[in-house]
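> what follows is a predicted protein model with its sequence.
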Amino acid sequence: MLVGDSDRSWLAATSSGRSDLTLLWIPPGKEEEWAQFIPLAQGKTTGEKPLGYLCQDFSCQSPMCELRELLQTLKT
């Protein structure tokens, strides 16, 4: 799950080549609106930088603010 003002590099890097993942991008200011329909989005907010959350089995890991950290986590 990507939250915030994500540039295209985050979207492209996290969505390419993985058929076992679902990417959800929540635009800035829409977190609470989306949380009505996607419970995992509840409380996921961001400041200046986008945040990436790796979620599985109805829980999410701590947010990652660096793209390389998120990509490394996706490899494991």
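Arrived safely.

> which residues are contacting the helix or strand bottoming out on mean pLDDT in the chain?
Taking mean pLDDT, DSSP states H and E as the measure, the chain has helix 8-15 as its least confident helix or strand, at a mean of 79. Residues from elsewhere that reach helix 8-15, judged by CB atoms under 8 Å, 6 or more residues apart in numbering: 2, 21, 23, 25, 50, 52, 67, 70-71, 74. The way it works is simple: take the backbone N, C-alpha and C, and place the C-beta from them, glycine included.

> cool, stretch 51-60 as well?
1-4, 10, 14, 39-40, 44, 61, 63-65, 67, 69-70, 73-74.

> okay, it in PDB with CA atoms only?
The C-alpha atoms that make up stretch 51-60 are tabulated as PDB, following Å, rounded to 0.1, in the frame of the first residue of the first chain:
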ATOM      1  CA  LEU A  51       5.000   5.900   2.700                       C
ATOM      2  CA  GLY A  52       5.000   2.300   1.600                       C
ATOM      3  CA  TYR A  53       3.300  -0.400   3.700                       C
ATOM      4  CA  LEU A  54       3.700  -4.100   3.100                       C
ATOM      5  CA  CYS A  55       0.500  -5.800   4.200                       C
ATOM      6  CA  GLN A  56      -0.400  -9.500   4.500                       C
ATOM      7  CA  ASP A  57      -3.000 -11.500   6.300                       C
ATOM      8  CA  PHE A  58      -4.900  -8.400   7.500                       C
ATOM      9  CA  SER A  59      -1.900  -6.600   9.100                       C
ATOM     10  CA  CYS A  60       0.700  -4.200   7.900                       C
END
